[in-house]
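Q: Here's my sequence, what's the structure:
(one chain, ligands or ions: 1)
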Amino acid sequence: MDDLIPTVNRLQDVFNTIGQDHIDLPQIVVVGSQSSGKSSVLENLVGRDFLPRGTGIVTRRPLVLQLVNVPRRKLSRRGRADPSSETEPTGAEQEPFPERAQFLHLPDRQFSDFSEVRQEIQRETERLAGPNKGICRTPIHLKITSPNVLNLTLVDLPGLTKLPVGDQPTDIEQQTRDLVMEYITKPNSIILSVSPANVDLVNSESLKLAREVDADGKRTLGVITKIDLMDQGTNALDTLNGRVFPLRLGFVGVINRSQQDTIANKPIQEALKFEKEYFQTHPVYRAIATRCGTAHLAKILNQLLMSHIRDKLPDIKTKINGLISQTEQELMSYGSSSLSGTINTSSLLLRLLTQFANQFNASIEGNGSDMQAAELCGGARLYYIFNNIFGGALDSINPCANLTDHDIRLAIRNSTGPRPSLFVPELAFEILVKPQIKTLDSPSQRCVQLAYEELMKISQSCGGKELLRYPKLYAKLIEVVSDLLRERVAPTAQYVESLISIQRSYINTNHPDFIGGSGALAELQRKATAKPREPSSYGRSLHPHSDLSGLGMEDEGISDTESVASHGRVNGGSRKPRGIRPGSVRSRILQSSGQPFAAGHPHQGDKFLHYFFGGNKADPMFTTENSKRLSLPVPNRVKENGQYFASNPGSGALDTSPVGPDASLGAADLATSPTAHLLATQFDQTCDVADRRDHMETELIRSLITSYFNIVRKSIQDLVPKAIMHMLVNHCREVLQNRLVETLYKENLIDELLQEDESLIAERNKCEDMLQVYRKAFAIISESP
Ligand SMILES: Nc1nc2c(ncn2[C@@H]2O[C@H](COP(=O)(O)OP(=O)(O)OP(=O)(O)O)[C@@H](O)[C@H]2O)c(=O)[nH]1
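A: Alright, predicted model coming up:
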């Protein structure tokens, strides 16, 4: 059974070659407060002075110490263990075996002078932990081969400290604690908790930490040092018997060399002899002397470690087995390194090109193997771009965005030319709707751009892990796809732009879905009559007077329909117009203005709509003369800052002089004349009517623009994704493989393209090394007794 510790040591040696803690191997971890006597215990166990000494923190890097016992009888003359020798050495063969020490970081050097070992530990500590008091978590590995040691694997750790001293970092307590925890939390480690007897055990930091990770005390062995330094009249008997702090594995008392002994260079063998005598002769400890001292501690540790290894080895074997298959798989993913020959390489290249193109297509179709679950990608993302992003962007456009009432009125006036117009002209509608259609251009172009970017993204995720082996090929593939996409994105964007231009080039007011003038009027009227005497929601949302009732005729006893009909504008309703009540303000205005009064005509609204949207302009009702006859006294005024001013139709310039019959009167006369007063009242009422008419025209234009814009929007929403799919996506899918082969499948390029990535080669080599180590470790365990 004793051979199990060498098995673990061999495993440790094997794993040390790859420099990582892959397996939690059984080992004894020595933990204790600073100066509690850890190093002294280790030296006693080895029977040699080999550890650095001093005041304050001395152990500053973990020291992994393998003690390898070489039976004296197996020593050959040359001082080497001779496994074949079964007989006791005699004569010259009984020369003492030169104990040797060897560091992992100095594999070619054997130390037989242990003061040199101490110096090397100091040097190596300072190399990584610096000359000051800092600590470093990288361990130093030391193997001591001796006939005087029992097989053990121990780890000496920096002492737990409370306060930083000298140049120590302020968090030194935390650093040492973390380092200690890193070792003792491993379930396969045995905790050797060292506490000095001259300090109350309840203050033992090491026991406190050990309890945190091993609550049952199954793998914690207590060591009580400095028993010789206890105050007179006190002893550690209760502690050693487990009556102060219960530990399943118990406590062992030891006496190490004192500071004084070290200064006096007291040989360790002498110290061990003293220790033995001390316990055997001490009146208190005599009874438990066999359970005290370094020799007993070494025996206990050896037994503990071996039974621990015996328990843990099957698990370790299973773990190593798992690591082997895991590493084999990883190695396979890096591909074989032994690819050579033109046939092999060219067929590999062709396969990779085809694989790339297939994956590109599969991604778009939505059945790519590398699809990420975390986010939308490939075809699904394109669908999202078309429907959600693009669709959403188009839906969010307000058809009348940036179109103020002033703009609309200006467009109406500009399109009527020098004379005031009777009807809302089609030209104004066209002038206004075209720029609105243009607003569809920007989201459409953005949609093309997003689709292009998504295709680029798709290309970057194609090819799988195998392609990552060949960074040059990967870069070239991306380059070819980028070129192809770039070639296609410009024409696609142009085509999409032309789709918008086409829509702007001809405003089809005969479109079956277009609301048309009659529809717009009916809509306005519907809203106006939906809640009589209350402002309609339409009116509320757009203008406080935008309902038809707002034309100002009700006061005059004229229905909405009549009022509109009398303007020769609206007669969408079925009610018969009743005409204008004689003597009403409305009729007075008409008379005073010298305009012939026209009774409401039942079909006047319809005629207007025919005129407005390409109807029969030859209708006698709509001759210029009739138009004049039917027209209201449209004042040539422009309301500026709440005041009306006559406008010069010819020049379009504003004349700031008052208008009306009293225009020739002086300012003082104007103020006093009764005629002037009446006319002023009539004028104000006329202005009010004209104002409301302006508003109705504006609202009409708005609903026409909205209706037409919606038709165009729907069409663009449908056509842009189709154009992108046809001109960009599908085209690239169809030609990609050919393009890749044409550009990259060239004999003179093969070697360059199939050059493996340096880091990948390194990874593969490392993986191969690890696999070898795991296989070796597995063999060691399989061979163990
Ligand atoms: N008298 C006496 N002195 C001891 C005993 N054990 C250790 N010492 C002394 O206590 C001091 C500290 O001992 P070390 O073995 O260096 O303690 P350490 O825990 O390894 O210290 P760090 O590595 O710095 O944490 C040294 O001067 C030792 O000689 C003991 O059992 N009896």
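
Q: quick one, longest helix in the protein?
A: Looking across the chain with DSSP state H, the single longest helix is helix 674-724.

Q: Pull the residues that contact the next helix or strand along the chain from that helix.
A: Next in sequence after helix 674-724, counting helices and strands by DSSP states H and E, comes helix 731-744. Defining contact as CB atoms under 8 Å, 6 or more residues apart in numbering, one finds that helix 731-744 is touched by 349-350, 353-354, 356-358, 360-361, 364, 455, 473, 476-477, 480-481, 484-485, 488, 753. (Glycine included, C-beta is placed from N, CA and C.)

Q: Which members of those are positioned in strands?
A: With DSSP state E as the criterion, strands contain none of these.

Q: Can I get the buried part of those residues as one PyMOL selection?
A: Remark: buried members of the contacts of helix 731-744, expressed as a PyMOL selection using 16 or more other CB atoms under 10 Å:
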select buried, resi 349+353+356+357+360+361+364+455+473+476+477+480+481+484+485+488+753
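
Q: Walk me through the domains of this structure.
A: Per automatic domain parsing, the structural domains of the chain span 27-79+94-227+238-320, 346-507+706-757, 518-705.

Q: Next, the distance between the ends of the first one.
A: With CA to CA, to the nearest Å as the measure, the ends of domain 27-79+94-227+238-320 fall 17 Å from one another.

Q: Same question for the second one.
A: End-to-end span of domain 346-507+706-757 (CA to CA): 18 Å.

Q: In contact with the residue of the chain found nearest the ligand, which residues?
A: Per CB to the nearest ligand atom, G159 is where the chain lies closest to the ligand, at 2.5 Å. G159 makes contact with 32-36, 38, 57-59, 176, according to CB under 8 Å, 6+ apart.

Q: Go again with 7 Å.
A: When contacts are counted by CB atoms under 7 Å, 6 or more residues apart in numbering, G159 touches 32-36, 38, 57, 59.

Q: Give me the distance between it and K226.
A: To K226, G159 is 14 Å away according to CB to CB, to the nearest Å.

Q: cool, F386 as well?
A: For F386, the distance to K226 - CB to CB - is 80 Å.

Q: Compare neighbour counts for those two and give me the winner.
A: For F386 and K226, the more surrounded residue by other CB atoms under 10 Å is K226, and the numbers stand at 22 against 19.

Q: Now the more buried one: closest residue in space, sequence neighbours ignored.
A: What sits nearest to K226 in space, not counting adjacent residues and going by CB to CB, 6 or more residues apart in numbering, is P196, at 4.3 Å.

Q: which ones are touching the one you found?
A: Contact analysis of P196 by CB under 7 Å, 6+ apart lists 36-37, 225-226.

Q: rerun that using 8 Å as the cut-off
A: By CB under 8 Å, 6+ apart, the contact set of P196 is 33, 35-37, 224-226, 229.

Q: Following the chain onward from the helix or strand in which E270 is found, which element is next?
A: When elements are assigned from DSSP H and E, E270 belongs to helix 268-281. Sequence order places helix 294-333 as the next helix or strand after helix 268-281, per DSSP H and E.

Q: quick check: mean pLDDT across that following helix?
A: In this model, helix 294-333 carries a mean pLDDT of 86.

Q: ok, that helix near the ligand or not?
A: No. Contact of helix 294-333 with the ligand (CB under 6 Å from any ligand atom) is absent, the minimum separation being 10.1 Å.

Q: rewinding a little: among the contacts of P196, which are within reach of the ligand?
A: Checked against the ligand using CB under 6 Å from any ligand atom, those yield the following neighbours: 35-37, 225-226, 229.

Q: which one among the residues you listed gets closest to Q460?
A: For the ones next to the ligand among the contacts of P196, the residue nearest Q460 by CB to CB is S36; the value is 58.5 Å.

Q: list the contacts for that closest one?
A: Counting by CB under 8 Å, 6+ apart, S36 touches 159, 194-196, 206, 225.

Q: Now it. Its backbone dihedrals?
A: phi -80, psi -20 (degrees, to the nearest 10).

Q: Would you mind giving me the confidence score for it?
A: Among the per-residue scores, S36 holds a pLDDT of 89.

Q: With the one 3 residues further on instead?
A: The predicted local distance difference test score for S39 is 87.

Q: okay, now the closest residue in space to it that isn't next to it in sequence: neighbour count?
A: In this structure, S39 finds its nearest non-sequential neighbour in L51, 4.3 Å apart by CB to CB, 6+ apart. By other CB under 10 Å, the residues close to L51 number 22.

Q: again with Y745
A: For Y745, using other CB under 10 Å, the count is 14.

Q: measure it to I500 for me?
A: Separation of Y745 from I500 (CB to CB) stands at 41 Å.

Q: Also V720?
A: V720 is 9 Å from I500, by CB to CB.

Q: Quickly list what's touching both of these two.
A: Counting by CB under 8 Å, 6+ apart, the contacts common to V720 and I500 are S444.

Q: Compare the two and say which is more crowded by neighbours.
A: Set V720 next to I500 and count neighbours by other CB under 10 Å: V720 wins out with 26 against 21.

Q: Name all residues that make contact with the more buried one.
A: V720 is in contact with 386, 390, 444, 447-448, 496, 499, counting by CB under 8 Å, 6+ apart.

Q: that older thread, drop anything exposed from the contacts of P196.
A: Judged by 16+ other CB under 10 Å, buried ones among the contacts of P196: 33, 35-37, 224-226.

Q: among these, which two are most distant?
A: Taking CB to CB, the two most distant members of those are S35 and I224; they sit 14.6 Å apart.

Q: And the contacts of P196, which is closest to Q122?
A: In terms of CB to CB, no member of the contacts of P196 lies closer to Q122 than S35, at 17.4 Å.

Q: Just the ones next to the ligand among the contacts of P196: which are in strands?
A: Applying DSSP E to these, the entries found in strands are T225.

Q: just the ones next to the ligand among the contacts of P196 now: which is nearest Q525?
A: If you rank the ones next to the ligand among the contacts of P196 by distance to Q525 using CB to CB, S36 comes first, at 99.7 Å.

Q: The closest one and G159: what is the separation?
A: 6 Å.

Q: cool, L771 as well?
A: With CB to CB as the criterion, L771 and G159 are 39 Å apart.

Q: just to revisit the earlier point, show the average pLDDT along the longest helix of the chain.
A: Averaging pLDDT along helix 674-724 yields 80.

Q: Can you pull out the low-pLDDT segments for the stretch 451-600 of the chain?
A: Counting by pLDDT under 70, the stretch 451-600 of the chain contains low-confidence residues at 528, 530-600.
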